[in-house]
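Participant: Sharing a model that was predicted from the sequence below.
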Amino acid sequence: MRILLLGGTTEARRLAGLVAGEHTVITSLAGRTTDPLRPAGELRIGGFGGVDGLAGYLRDRDVDVVVDATHPFAATMSGHAVLACAAVGVPLLVVRRPGWTAGPGDEWHRVASLDAAAALLPRLGRRVFLTTGRQGIAAFAGLDECWFLARSVEPPTGVTPRNLEVLLDRGPFTVDGERELLVRHRAEVLVTKDSGGPAAKLVAARELGVPVLMVDRPAAPDAPLVSTADAAVTWLRALGR
Ligand code: NAP
């Protein structure tokens with residue numbers, strides 16, 4: 001089979017490694033990261049040009065199946081995949097790791113969007129560990145009363161908060177490292193999107209009694225959904241083309 005794998009996540013890279021020996025895999029990245037980790041199989045980089053562009057690509061490249069393993073917050077790409085696959089008659093599978101759930105000792109405040117997070121934030125704390133990624137920093141630009149330590153893989157672009165220290169780093173992170181960061185910067189609140197996956201920062205926040213401002217995911221796309229790369233392999237085998 002020829003698989004188009006919409007990537008940009010650890011799970012997508014893992015899936016490419018699992019199926020590249022058996023199928024032709026083309027991983028697609030948006031091109032947001034200048035030095036992305038290379039997956040097994042073929043790699044293409046850059047947008048398709050909306051739903052029509054993606055539909056044209058599926059036809060031109062004779063794609064048999066699309067696997068959307070993008071980040072849970074990449075809602076535009078996921079929506080385009082649903083529409084383009086329906087238009088061309090290509091099956092679509094979504095791979096989404098589960099979101100996080102609060103446990104004993106957690107003080108979480110769930111909000112629906114980055115803007116809602118920015119509105120609530122000053123009531124939770126003034127020294128902020130911001131881990132929403134560089135595209136999520138602009139939403140907090142108006143909060144002059146807060147100080148931010150913002151961690152991202154690439155430097156932020158666009159508007160940023162006045163009191164900002166940027167920490168360029170890429171996971172995985174350890175609980176010890178996250179605890180040390182929170183303590184050293186005297187963080188009073190942690191802001192994160194509900195991305196799921198390894199949760200060292202959430203464990204460290206719980207241990208230190210630091211509240212968490214958690215931005216909810218957009219709704220999952222309307223398509224068959226699995227939560228791991230292994231489950232995706234099973235689904236692809238059952239498709240059996
Ligand atoms: P988005 O808002 O859903 O997508 C915006 C546009 O970027 C899409 O319409 C598409 O352009 C292009 N695009 C997105 N993902 C693509 C892919 N895998 N291959 C080719 N084009 C893609 O996406 P985003 O939130 O900016 O995220 C961009 C990428 O970063 C995604 O692949 C995602 O997996 C990864 N990522 C996102 C986050 C996050 O928090 N959003 C976190 C970690 C990684 P066209 O319309 O021109 O096709």
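Facilitator: Nice, thanks for sending it over. Owing to the predicted nature of the structure, the values given are computational and were not obtained by experimental measurement.

Participant: And for Ala229, the neighbour number?
Facilitator: When neighbours are counted by other C-beta atoms under 10 Å, Ala229 registers 22. All C-beta atoms are positioned from the backbone trio N, CA, C, and that covers glycine.

Participant: who touches His109 in this structure?
Facilitator: Leu120, Leu124, Pro211, Val212, Leu213, Met214 (C-beta atoms under 8 Å, 6 or more residues apart in numbering).

Participant: any idea where the strands of the chain begin and end?
Facilitator: 2-6, 24-29, 42-45, 65-68, 92-95, 108-111, 127-131, 147-152, 164-168, 189-193, 212-215, 225-226 (DSSP state E).

Participant: The ligand: which of the contacts of His109 is nearest?
Facilitator: Distance to the ligand across the contacts of His109 (C-beta to the nearest ligand atom) is lowest for Met214, with 13.6 Å.

Participant: Can you name the residues bridging to the closest one?
Facilitator: Beta-bridge pairing of Met214 under DSSP bridges involves Arg110, Thr192.

Participant: Do I have it right that it meets Ala112?
Facilitator: No - using C-beta atoms under 8 Å, Met214 is not in contact with Ala112; the gap is 10.5 Å.

Participant: out of these two, which sits in the more crowded spot?
Facilitator: Neighbour count, other C-beta under 10 Å: between Met214 and Ala112, Met214 has more, with 21 against 11.

Participant: how about low-confidence regions in this protein?
Facilitator: Residues of the chain meeting the criterion pLDDT under 70: 241.

Participant: 90 instead?
Facilitator: Scanning the chain for pLDDT under 90 picks out the ranges 32-37, 157, 171, 198, 240-241.

Participant: all helices for it, in order.
Facilitator: For the chain, the helices defined by DSSP state H cover 10-19, 50-60, 75-88, 114-124, 175-184, 200-208, 229-239.

Participant: got the angle for the last one vs strand 2-6?
Facilitator: Spelled out, it's helix 229-239. 150 degrees (axes from the mean of the first three to the mean of the last three C-alpha atoms, to 10 degrees).

Participant: Which parts of helix 229-239 count as buried, going by neighbours?
Facilitator: Residues of helix 229-239 classed as buried by neighbour count (16 or more other C-beta atoms under 10 Å): Ala229, Ala232, Val233, Trp235, Leu236.

Participant: any idea how far the residue nearest the centre of the chain lies from the ligand?
Facilitator: Among the residues of the chain, the one closest to the centroid is His71, at 3.3 Å (C-alpha atoms, centre = their mean). Distance check for His71 against the ligand: by C-beta to the nearest ligand atom, to the nearest Å, it reads 3 Å.
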